[in-house]
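Colleague: dropping the sequence and predicted coords here.
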Amino acid sequence: MTLVEKIQSRQAYLCVIGLGYVGLPLLAEFANAGFKAIGIDIDENKVKSINDGQSYIGDVSSKIISKNALEGNLRATTDFSFLAEADTVNICVPTPLRKTRDPDISYIVSAVEEIAKYIHKEQLIVLESTTYPGTTEEVILPMLEESGLKVGEGFYLAFSPERVDPGNAQYTTRNIPKVVGGVTPKCTEAASALYSATLSHTVPVRSAKAAETVKLLENTFRSVNIGLVNEIALMCNKMGIDVWEVIEAAATKPFGFMPFYPGPGLGGHCIPIDPFYLSWKAKLAGFEARFIELAGQINGSMPEYVVQKISDALNRSKKSVNGSRILILGVSYKENIDDVRESPALDVIRLLRLRGADVVYHDPLVKGVPDEIDGNAHIALTPETVSECDCAAIITGHRGVDYQLVLDNIPILVDTRNVMKGHQSDKIVKL
């Protein structure tokens, strides 16, 4: 029986390496589709949680994990030897940037080193971790072909970019179209069969490099446009124009315009990082990606701008940042999730503390406290706790937070997300 036939008949045994925001939802979808699937992660706490039927990812319910675990379709382990039994392997590990903004693909390399120990005939390996164009063919392929197996014949290798949007109830792992690009046509066929048996829609492209670039284009598009609107916000501030009103009016145009919104900076794993994978690769080819670099500079400067807005607002009240008690509202990188990866709130807190501020925060969703934040700094929102502060700044606007309570009990509210839209008060300072 061929690999494609095993997939179509649900007899294939599937494996996912890396059980984070991408890997765990994918593992759950494999199990939901009737496959026996195993997840591998070096974090023993994650493995135990899954085997106990508990999810630690907001977009995956514990009910789904528990149901599939009880039925024997889903389990997790730290033991890479299970790769020997797997018919397909999806790599969903982190790909951070080094401090020099060079790609760090060490997690990918480590995963592939483990796969290479157990690779066998008719096995499919798919990389989902965002990376620079050429990683699949230039880094992974040579490592796997050391086994003596030939790609497209002995084993199959492809790239399929993750498109996870944490907290988005409408678009999930299952119904977001899945781009797939194999090293050979047979690789694309095998990977497309896997995703077609699990997800709603697949989009084959002609190469792994094309698929790698698709992901970078998507996130660069967002980064550049957010950089543009952040620059417009800075410009409008200088000219005394309400940037939110401008965007809202421009968005009424039914063609040729897509609204993007300014904010305190970029967060999450993708948008602040992925474009630099593309610009780094472009530099190797002798091309300078100026839009990407400029957008990165503008977006990266927004936490400083927020701190300056806070400082100016305090000065107008004859107070300085040094010694003021400042309340940060929301520390996750976007609204209604608990993810603090690359959150601009952490930069704002750090910058304020460097200037001598006493910073406290409130976030109803963030459970784990990042290293940048003192665990004792979290406060409940009550008239008493808020009135002890000199200023508050909305960095992330969570649903259900009582911002009116804050406004009623504090002299200054800096709103970086336009959460207080429609409120007329001289206490409110807009981005």
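Modeller: Everything's here; your move.
Colleague: could you list the buried residues of the longest helix seen in the chain?
Modeller: Criterion DSSP state H: the longest helix present in the chain is helix 208-239. Under the neighbour-count criterion of 16 or more other C-beta atoms under 10 Å, helix 208-239 has 208-209, 211-216, 218-220, 222-224, 226-234, 236-237 buried. Just so you know, the C-beta spots here come from the backbone N, C-alpha and C atoms, and that holds for glycine as well.
Colleague: quick one: average pLDDT of it?
Modeller: If you average the pLDDT over helix 208-239, you get 96.
Colleague: which ones are touching E146?
Modeller: Residues counted as contacts of E146 (C-beta atoms under 8 Å, 6 or more residues apart in numbering) are A116.
Colleague: so that it lines up with my notes, have the first residue be 8 from now on.
Modeller: From this message on, residue numbering opens at 8, which makes the last subject E153.
Colleague: that one and V119, how far apart?
Modeller: 11 Å (C-beta to C-beta, to the nearest Å).
Colleague: avg pLDDT for stretch 393-413?
Modeller: Taken as a whole, stretch 393-413 carries a mean pLDDT of 96.
Colleague: what residues of it count as buried?
Modeller: 393, 396-405, 408, 410, 413.
Colleague: can I get those in JSON lines including secondary structure?
Modeller: Listed next are the buried residues of stretch 393-413 as JSON lines, based on DSSP: H, G, I helix; E, B strand; the rest coil:
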{"residue": "V393", "secondary structure": "helix"}
{"residue": "C396", "secondary structure": "coil"}
{"residue": "D397", "secondary structure": "coil"}
{"residue": "C398", "secondary structure": "strand"}
{"residue": "A399", "secondary structure": "strand"}
{"residue": "A400", "secondary structure": "strand"}
{"residue": "I401", "secondary structure": "strand"}
{"residue": "I402", "secondary structure": "coil"}
{"residue": "T403", "secondary structure": "coil"}
{"residue": "G404", "secondary structure": "coil"}
{"residue": "H405", "secondary structure": "coil"}
{"residue": "V408", "secondary structure": "coil"}
{"residue": "Y410", "secondary structure": "helix"}
{"residue": "V413", "secondary structure": "helix"}
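Colleague: out of the residues you listed, which is nearest to G363?
Modeller: D397 (12.4 Å; C-beta to C-beta).
Colleague: which residues sit in contact with the residue nearest to that closest one when sequence neighbours are not counted?
Modeller: Among residues not flanking D397 along the chain, S331 sits closest, at 4.2 Å (C-beta to C-beta, 6 or more residues apart in numbering). By C-beta under 8 Å, 6+ apart, S331 lies in contact with L321, A364, D365, D397, C398.
Colleague: hmm, back to that, for the longest helix of the chain, name the packing helices and strands.
Modeller: strand 162-166, strand 185-189, helix 250-257, helix 281-291, helix 297-323 (3 or more C-beta pairs under 8 Å, 6 or more residues apart in numbering; DSSP states H and E).
Colleague: how big is the angle separating the second one from helix 215-246?
Modeller: What that stands for is strand 185-189. Strand 185-189 runs at 130 degrees relative to helix 215-246, counting by axes from the mean of the first three to the mean of the last three C-alpha atoms, to 10 degrees.
Colleague: just the CA atoms of strand 185-189, as PDB, please.
Modeller: C-alpha atoms of strand 185-189 as PDB (Å, rounded to 0.1, in the frame of the first residue of the first chain):
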ATOM      1  CA  LYS A 185      -3.400  25.200   3.400                       C
ATOM      2  CA  VAL A 186      -0.600  26.000   1.000                       C
ATOM      3  CA  VAL A 187       1.600  23.000   0.100                       C
ATOM      4  CA  GLY A 188       4.800  22.900  -1.900                       C
ATOM      5  CA  GLY A 189       6.900  19.800  -2.300                       C
END
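Colleague: name the residues that touch it?
Modeller: 133, 159, 163-168, 170, 195-199, 202, 206, 208-219, 221-222.
Colleague: distance from that strand to the middle of the chain?
Modeller: Strand 185-189 sits 20 Å away from the centroid of its parent chain (C-alpha atoms, centre = their mean, to the nearest Å).
Colleague: cool, stretch 286-302 as well?
Modeller: That offset, for stretch 286-302, works out to 22 Å (C-alpha atoms, centre = their mean).
Colleague: may I see the buried residues of that stretch?
Modeller: In stretch 286-302, counting by 16+ other C-beta under 10 Å, buried: S286, W287, K288, A289, A296, I299, A302.
Colleague: from memory G159 sits against V190, does it?
Modeller: Yes - using C-beta atoms under 8 Å, G159 is in contact with V190, at 6.8 Å.
Colleague: these two: which is more packed in?
Modeller: V190 (24 against 17; other C-beta atoms under 10 Å).
Colleague: doesn't E144 make contact with the more buried one?
Modeller: Yes - judged on C-beta under 8 Å, V190 makes contact with E144 at a distance of 5.8 Å.
Colleague: residues that sit against both of these two, list them.
Modeller: A215.
Colleague: okay, now the domains of this structure?
Modeller: 10-213, 251-437 (automatic domain parsing).
Colleague: quick one: the strands in the stretch 308-438 of the chain?
Modeller: Assigned by DSSP state E, counting those that start in this stretch, the strands in the stretch 308-438 of the chain fall at 332-336, 365-369, 398-401, 420-422, 435-437.
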